[in-house]
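# Next input, structure requested:
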Amino acid sequence: MEEPAVRGQLWVEEPAVRRRMADPVRAAAVRAVIIAALTMIQAMVAFLGTLTGSWLAFPMVLSSVGSTVVATWAVLDVWVTRQVWNQRNGVVSVPSSTARQLRRERRRARRATRVADRQADRIRRRGAGRLSEA
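Down below sits the predicted model:
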């Protein structure tokens, strides 16, 4: 009797494409998402209250305007927190392959120039020593 074919793994972990956000940036982003969600709910309640002619409609419209300002502030806070974190802790720079290739070529050219200068210097010193002996 043949054994059944072995199935692949149920769960295969793959490395993350992007690095994880810094903790302060992630906290600001979560805060901004929660505030934006509450603002949208509030705006929907204000809209539906206006359609039904409820007394709650006017206060909800006013508070929705205020919440929109707060939500905008929260989104800007994410951006500012990210910029501050990058400035304080540095950004891990991953140069593109073309930039890396150009740097290698420049390094090779400088190295070749240094080697050629050393060779020329050695030749001059050898030649100068022989001339003074003669």
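# CA atoms only: put stretch 24-31 into CSV for me.
The C-alpha trace of stretch 24-31 is given here as CSV (Å, rounded to 0.1, in the frame of the first residue of the first chain):
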residue,chain,number,x,y,z
PRO,A,24,5.5,56.0,19.8
VAL,A,25,4.6,56.2,16.2
ARG,A,26,2.4,53.1,16.4
ALA,A,27,0.7,54.5,19.5
ALA,A,28,0.0,57.8,17.7
ALA,A,29,-1.3,55.9,14.7
VAL,A,30,-3.7,53.8,16.8
ARG,A,31,-4.9,56.9,18.6
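# Give me the helix or strand of the protein that scores worst on average pLDDT.
Here the helix or strand of the chain ranked lowest by mean pLDDT, DSSP states H and E is helix 97-133, holding a mean of 81.
# Just give me how far it sits from the chain centre.
With C-alpha atoms, centre = their mean, to the nearest Å as the basis, helix 97-133 stands 40 Å off its chain's centre.
# Can you mark which positions in that helix are buried?
Buried residues in helix 97-133, counted by 16 or more other C-beta atoms under 10 Å: none are found. Every residue, glycine included, has its C-beta placed from N, CA and C.
# how about the helices in the chain?
Ranges of helices in the chain, per DSSP state H, are 23-52, 57-89, 97-133.
# Which one of those lies nearest to residue 16?
helix 23-52 (13.9 Å; C-beta to C-beta).
# buried sites along that closest one?
25, 28, 29, 32, 35, 36, 39, 42, 43, 45, 46, 49.
# tell me the contacts of the third one?
In this case it means residue 29. 21, 78 (C-beta atoms under 8 Å, 6 or more residues apart in numbering).
# Just to check, residue 56 is in contact with residue 48?
No - the criterion here is C-beta atoms under 8 Å, and residue 56 misses it with residue 48 at 9.8 Å.
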